[in-house]
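Asker: Quick one, structure for this:
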Amino acid sequence: AKELESLFTSWFKRFKSSDAMKQGTLNEIPTAEAFALEPFICEFFEVGLLEHKRLQYVAVSPDGVATFLHNDEVVVACVEIKTRVSETTQTAALEALEAHG
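Answerer: Numbering: from 1, shown residues only. Sure, this is the predicted structure:
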């Protein structure tokens, strides 16, 4: 029961997103667009809440669903995008962009 209460607290008692969380959310769109262009990705779909056909109380909310090639077989997978927004990471990314185009 204590674990369930902890889950509910983490889901429903978060009052607002931090600045880093807001920036990470903004980064999801260009990250998803870049991911969809990777050569191993067959298709990428942005999705909302996905529920089990028979067990409607079982659901996930990924950032997307992708089909990709693995060992010459098409596989379907949920995609969850996480981005880093710290100053160090941003600086490193900009330096890599300058160095490698």
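
Asker: now for the helix ranked longest in the chain, which elements pack on it?
Answerer: Scanning the chain for the longest helix, with DSSP state H as the assignment, gives helix 19-36. Counting contacts by 3 or more CB pairs under 8 Å, 6 or more residues apart in numbering; DSSP states H and E, helix 19-36 is packed against strand 41-46, strand 64-70. From N, CA and C alone the C-beta is placed, and that goes for glycine too.

Asker: need the contact list for the residue most central in space within the chain.
Answerer: By CA atoms, centre = their mean, the mean C-alpha position of the chain lies nearest to Ile81, the distance being 2.0 Å. Contact analysis of Ile81 by CB atoms under 8 Å, 6 or more residues apart in numbering lists Asn27, Glu28, Thr31, Ala32, Phe35, Asp63, Gly64.

Asker: now do Val58
Answerer: Glu51, His52.

Asker: pLDDT value on it, please?
Answerer: With respect to pLDDT, Val58 scores 92.

Asker: One more: Leu4?
Answerer: 81.

Asker: just the one 4 residues further on next, same as before
Answerer: We have a pLDDT of 75 for Phe8.

Asker: now the one 4 residues further on
Answerer: You'll see Phe12 listed with a pLDDT of 70.

Asker: Return a PyMOL selection command for the buried portion of the contacts of Ile81.
Answerer: Remark: buried members of these, expressed as a PyMOL selection using 16 or more other CB atoms under 10 Å:
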select buried, resi 28+31+32+35+63+64
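
Asker: any idea which of the contacts of Ile81 is closest to Leu4?
Answerer: Ranked by distance to Leu4 (CB to CB), those are led by Asp63 at 25.9 Å.

Asker: Can you tell me how far Arg84 is from Asn27?
Answerer: 9 Å (CB to CB, to the nearest Å).

Asker: same deal with Phe45?
Answerer: Distance from Phe45 to Asn27, by CB to CB: 19 Å.
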